[in-house]
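**Q** Need the 3D shape of this:
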Amino acid sequence: MLENMVLRDPKGGNTAYHKAIEQKIEQLHKEINELRSKGEAFLNKVIDYYQRKK
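**A** Numbering: from 1, shown residues only. Coordinates of the predicted model:
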């Protein structure tokens, strides 16, 4: 039973946890920026459309 046991430093798990959170935050920031960019492009097209109608 003890032959399969591995002792690990808990700091490694904590480091991995923080790394995973930072990666997720970075991914969400990227997705938010893409959505913001698409929204602004759409809004600019709508504004341009109505300005041309005048």
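
**Q** got a list of what Glu26 touches?
**A** Listed by Cβ atoms under 8 Å, 6 or more residues apart in numbering, the contact set of Glu26 is empty. Where you see a C-beta, it was placed from the backbone N, CA and C, and this is true even at glycine.

**Q** Let me know the pLDDT of it.
**A** Looking at Glu26, its pLDDT stands at 98.

**Q** which element is it on?
**A** Assigning secondary structure by DSSP states H and E places Glu26 in helix 10-53.

**Q** Distance from that helix to the middle of the chain?
**A** Between the centre of helix 10-53 and the centre of its chain there are 6 Å (Cα atoms, centre = their mean, to the nearest Å).

**Q** Using PDB, list the CA coordinates for stretch 37-54.
**A** Taking C-alpha atoms only, stretch 37-54 is exported to PDB below (Å, rounded to 0.1, in the frame of the first residue of the first chain):
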ATOM      1  CA  SER A  37     -14.600  45.300 -29.800                       C
ATOM      2  CA  LYS A  38     -17.400  43.600 -31.700                       C
ATOM      3  CA  GLY A  39     -20.000  45.700 -29.800                       C
ATOM      4  CA  GLU A  40     -18.300  48.900 -30.600                       C
ATOM      5  CA  ALA A  41     -17.900  48.000 -34.200                       C
ATOM      6  CA  PHE A  42     -21.600  47.200 -34.400                       C
ATOM      7  CA  LEU A  43     -22.600  50.400 -32.600                       C
ATOM      8  CA  ASN A  44     -20.400  52.400 -35.000                       C
ATOM      9  CA  LYS A  45     -22.100  50.800 -38.000                       C
ATOM     10  CA  VAL A  46     -25.500  51.700 -36.600                       C
ATOM     11  CA  ILE A  47     -24.500  55.300 -35.900                       C
ATOM     12  CA  ASP A  48     -23.000  55.500 -39.400                       C
ATOM     13  CA  TYR A  49     -26.200  54.100 -40.900                       C
ATOM     14  CA  TYR A  50     -28.400  56.700 -39.200                       C
ATOM     15  CA  GLN A  51     -26.100  59.600 -40.000                       C
ATOM     16  CA  ARG A  52     -26.200  58.700 -43.700                       C
ATOM     17  CA  LYS A  53     -30.000  58.700 -43.600                       C
ATOM     18  CA  LYS A  54     -30.200  62.300 -42.600                       C
END
